[in-house]
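1. Dropping the sequence and predicted coords here.
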2 protein chains.
Amino acid sequence: MSKSMPRLYLAGPEVFLRNAVEIGEAKKAICRRYGAEGVFPLDAALDLSGMSGEEAGMRISAANEALIRSSDAIVANMTPFRGISADVGTVYEMGFGAGLGHRVFAYSNVSTGLTERTLRELRHSGERGSDGRLEDAHGMQIEEFGLRDNLMLEGGIRISGGEMVLSEAREDRIYTDLKAFEECVARAAGKLRSEAIEV
Amino acid sequence: MSKSMPRLYLAGPEVFLRNAVEIGEAKKAICRRYGAEGVFPLDAALDLSGMSGEEAGMRISAANEALIRSSDAIVANMTPFRGISADVGTVYEMGFGAGLGHRVFAYSNVSTGLTERTLRELRHSGERGSDGRLEDAHGMQIEEFGLRDNLMLEGGIRISGGEMVLSEAREDRIYTDLKAFEECVARAAGKLRSEAIEV
């Protein structure tokens, strides 16, 4: 593997799919086409036999943190997962990468904004206080920043020097469609390569 | 402020409450009782007037990242927020802190495990494949590690040298009860102080 080939950690909820390994291979093939090396969470290929659930969970977490440390940037699948927002495991990895100084790139196969998705998921029209503040049924503010997810995520991407790509995948391909992923990898690889040349 | 007073960044979804500033003050008062300085996301007191939603969001994100960098550890409220898991903004901040090398402490006012909460929220009993794998209606795996949330969160806390505190708050005080928070601060302050003495 050439030293100049940037390593992209491929975070996302597709690890929960039955064909996760296959999707991981497809993602890595796309990375190679753009001169990058894709690092998939399941690459660690851990032997978890004989471990308790908790031990296994801790082992996977440690392996993933090590893979992120060994990478140059994150490419995260922020497609909403089992609710309003991105998968929290993916979000943790985005933050972890940003804290390490990695660029964080992300994509989502759902382009609807956070405010609209929140109201839909809560089955609530949102109430406005006298100050115009949009609130849920518990009086908790619903963000209206025109963003795709919580502001820390989109802000983190921006601050790290990454980018976000949006797409609208077919409902039945929401976790498997790789169009936005490919565009995201193209941008990440381009940015990391130009950086490597500057240095 | 004494140099030896550890700074704890207080991440959590209570920033969305109407009385967020008041809760922040209560949390900081508890920190002081344990010899620590609480750093609340709203401390930046930003002037966002005249900004677009997106500009305001980016400004808040940058301010929060700066507050985290200026802190020694994270104390995160992982109480499930608008769905199965912890608030994604909080989770991003946990990951960011861990990436920076901060210890990550966390608490939750809901002690039910992730697997049970997931099945309840999805209104699905979970199906098992022939290999015993627990899946949702989309065939995506439901984690069964005996953990409170996604394994990256609990693993990250452990790897960072932090701890997690669980409690079961009254439903109407789920985002305001500070019992588990106080226990979490006590442990964080104790650990950070003993560390400072060792060094």
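-> Received the coordinates, thanks.
2. Check which helices and strands the helix ranked longest in chain A sits against.
-> Longest helix in chain A, counting residues (DSSP state H): helix A:179-198. The contact analysis (3 or more C-beta pairs under 8 Å, 6 or more residues apart in numbering or on different chains; DSSP states H and E) places helix A:179-198 against strand A:7-11, helix A:20-33, strand A:73-77, strand A:103-108, strand A:164-166. Where C-beta positions appear, they are placed from N, C-alpha and C, glycine not excepted.
3. can you give me how far that helix is from the chain middle?
-> 16 Å (C-alpha atoms, centre = their mean, to the nearest Å).
4. Report the mean per-residue pLDDT for it.
-> The average pLDDT for helix A:179-198 rounds to 92.
5. ok, now stretch A:81-98?
-> When pLDDT is averaged over stretch A:81-98, the result is 98.
6. before we move on, back to that, sort out which residues of the longest helix of chain A are buried, please.
-> Under the neighbour-count criterion of 16 or more other C-beta atoms under 10 Å in any protein chain shown, helix A:179-198 has A:180-189, A:191-193 buried.
7. wait, is residue A:148 part of a helix?
-> No: read with DSSP: H, G, I helix; E, B strand; the rest coil, residue A:148 is coil and lies in no helix.
8. give the contact list for it.
-> Residues near residue A:148 by C-beta atoms under 8 Å, 6 or more residues apart in numbering or on different chains: A:78, A:108, A:111, A:113, A:114, A:154, A:164, A:166.
9. now, among those, which is nearest to chain B?
-> Minimum distance to chain B across the contacts of residue A:148 is 6.8 Å, recorded for residue A:154 (C-beta to the nearest C-beta).
10. give me the number of residues near residue A:59?
-> Counted by other C-beta atoms under 10 Å in any protein chain shown, the residues lying close to residue A:59 total 17.
11. should've said residue A:21
-> Using other C-beta under 10 Å, the number of residues around residue A:21 comes to 14.
12. Same question for residue A:50.
-> For residue A:50, the count of nearby residues is 7 (other C-beta under 10 Å).
13. sec struct for it, please.
-> What three-state DSSP gives for residue A:50 is coil.
14. about what we covered before: could you restrict the contacts of residue A:148 to the ones contacting chain B?
-> residue A:154 (C-beta under 8 Å from any C-beta of the partner chain).
15. Highest neighbour count among the contacts of residue A:148?
-> residue A:78 (30 neighbours).
16. Let me know whether that residue touches residue A:90 as I believe.
-> Yes: contact criterion C-beta atoms under 8 Å: residue A:78 and residue A:90 qualify, at 6.8 Å.
17. State the distance from the residue of chain A most remote from its centre to chain B.
-> Largest separation from the mean C-alpha position in chain A: residue A:130, at 36.5 Å (C-alpha atoms, centre = their mean). Noted for residue A:130: a distance of 12 Å to chain B, by C-beta to the nearest C-beta, to the nearest Å.
18. show me what contacts that residue?
-> Counting by C-beta under 8 Å, 6+ apart, residue A:130 has no contacts.
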